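# here's a sequence, model it:
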Amino acid sequence: MLRFSQKGSKIVFMAASISPFKSGNQLSRGSILIWRIVQAAVWAVGATILFCLLFFPSVGLLLFWNILIPVAPALLVVAIGVWRNVCPLATTILLPRHLGLSKKKKLSTAQLGKLNLIGVIALYSIVPLRHAIFNNDGTATAALIISMAIIGISLGFIYEWKSAWCSGLCPIHPVEKLYGQNTLTSLPNAHCGECMKCVTPCPDSTPNITPKSSTKTIWHELSGLLIIGGLPGFIWGWFHVPDETHIMTVAAFLNVYTLPLAGFATTLLIYWLLSKIIQAKYERRLIGFFAAAGVSCYYWYRIPSLFGFGNFGTDGLLVNLRNVLPEWSIPAITIATALFFFYLLVGRRQNNKSWVIRPPYASKKATLKNKLSA
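Presented below is the predicted three-dimensional model:
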């Protein structure tokens with residue numbers, strides 16, 4: 001539609017575009033349908049990868065560890081709302097809520113803080129096992145994914161919306177809060193039709209959220225400290241450990257943890273010292289620096305390994321371009337990538353955007369009904 005009005009000698013044109021929202025940031029039926037189709041498509045891709053991990057492990061391992069996972073960190077930095085809307089695991093664990101089967105209970109602040117801390121510990125515990133087990137064992141990787149889905153969907157039957165898994169126990173969530181602190185764009189919330197205030201602050205709807213945005217309990221403080229300070233060194237150490245296909249002793253098994261945890265402890269100490277020295281007004285910049293260091297370190301090593309220039313032969317190989325690309329091209333790409341992330345997370349001004357747009361708050365009547373049913 002195009003409307004116009006005449007005011008003096010000026011004609012003012014007003015274009016009334018078709019909004020994807022009905023009112024108060026609530027999605028229209030058409031937009032919801034589109035998001036459901038996208039979610040179903042991404043879920044189907046995830047299910048296909050899981051199927052391949054079980055029955056065609058070489059293909060499944062390639063698709064999961066060398067295609068899907070390498071894309072994820074960049075997506076979390078640039079447009080984390082996309083991932084929060086279409087993550088296939090989230091789509092699965094939110095089915096009880098969408099189908100009206102959830103008890104819709106709310107977590108206490110302390111409970112949520114403990115779940116966040118457990119998620120951080122799980123991240124640092126599971127990732128080194130890629131070298132020992134998951135990078136070379138499709139069945140084990142599938143079992144890991146299925147186990148997380150079972151835990152997540154069990155929590156979904158009890159707790160409200162994304163509170164227990166997506167914003168609580170999920171091992172990826174701490175990284176989401178670290179990397180997604182200055183997202184380029186906000187998207188509609190394709191899961192929550194109304195805001196039930198199940199998490200405070202809501203990671204999806206709080207602008208420029210960081211792991212330190214909520215320090216209500218010691219559990220929140222610890223999880224924030226461990227993920228901000230420890231992640232860059234942990235990533236550095238992880239990339240200096242080769243994949244092990246025949247681990248025969250406990251010592252060999254523990255070796256996959258040695259360098260990642262040493263790097264973790266080093267950068268954690270540096271961050272802790274700097275956080276005590278710098279002024280409070282520079283805290284966000286410091287967090288952004290460590291976030292950029294983490295994601296830049298990841299791609300500094302991951303890009304070469306994807307294309308045959310890695311430290312350990314075929315570990316993490318997607319396609320071998322060693323005889324195709326000139327030697328200087330890989331350092332040029334990794335340097336450009338690092339500069340890009342440091343600009344986004346450190347140099348660029350904060351844009352006051354959240355990952356997704358908060359839907360309208362639930363009415364008091366609906367909130368009371370949920371409390372009574374809980």
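
# just how off-centre is stretch 319-329 within its chain?
30 Å (CA atoms, centre = their mean, to the nearest Å).

# what residues does that stretch touch?
Residues outside stretch 319-329 that contact it (CB atoms under 8 Å, 6 or more residues apart in numbering) are 306-309. The way it works is simple: take the backbone N, C-alpha and C, and place the C-beta from them, glycine included.

# again, only using 10 Å
Under the contact criterion CB atoms under 10 Å, 6 or more residues apart in numbering, stretch 319-329 has outside partners 62, 66, 304, 306-310, 314, 330, 332-333.

# in ChimeraX, how would I select just the buried ones from the residues you listed?
Listed next is the ChimeraX selection for buried residues among those, using 16 or more other CB atoms under 10 Å:
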select :62,66,304,306,307,308,309,310,330,333
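
# farthest-separated two in the contacts of stretch 319-329?
Greatest spatial distance in the contacts of stretch 319-329: L62 and A332, 25.9 Å, computed using CB to CB.

# my guess is T200 meets I209, correct?
No: T200 lies out of contact with I209 (CB atoms under 10 Å); the separation is 11.6 Å.

# with neighbour numbers in mind, choose between the two.
For T200 versus I209, neighbours defined as other CB atoms under 10 Å are more numerous around I209 (22 against 12).

# identify the residue nearest that one in space, chain neighbours excluded?
P203 (5.4 Å; CB to CB, 6 or more residues apart in numbering).

# mind pulling up the pLDDT for that neighbour?
Each residue has a pLDDT score; the one for P203 is 91.

# contacting residues for it?
Contacts for P203 (CB under 10 Å, 6+ apart) come out as 80, 84, 162, 166-168, 173, 176-177, 180, 209-211, 213-214, 354-356.

# among the residues you listed, which lie within helices?
Judged by DSSP state H, helices contain the following of these: 80, 84, 173, 176-177.

# buried among these? Make that a PyMOL selection.
Buried residues within the ones in helices among the contacts of P203, by 16+ other CB under 10 Å, are selected in PyMOL with:
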select buried, resi 80+84+173+176+177
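
# I'd like the ones in helices among the contacts of P203 laid out as a markdown table, including pLDDT and distance to T185.
Below are the ones in helices among the contacts of P203 laid out as a markdown table (pLDDT from 0 to 100; distance: CB to CB, whole Å):
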| residue | pLDDT | distance to T185 |
| --- | --- | --- |
| I80 | 95 | 9 |
| R84 | 94 | 12 |
| H173 | 95 | 20 |
| E176 | 96 | 15 |
| K177 | 95 | 17 |
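
# got CSV for the ones in helices among the contacts of P203, with distance to T258 too?
Putting these into CSV (distance: CB to CB, whole Å) gives the following:
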residue, distance to T258
I80, 32
R84, 34
H173, 26
E176, 27
K177, 27
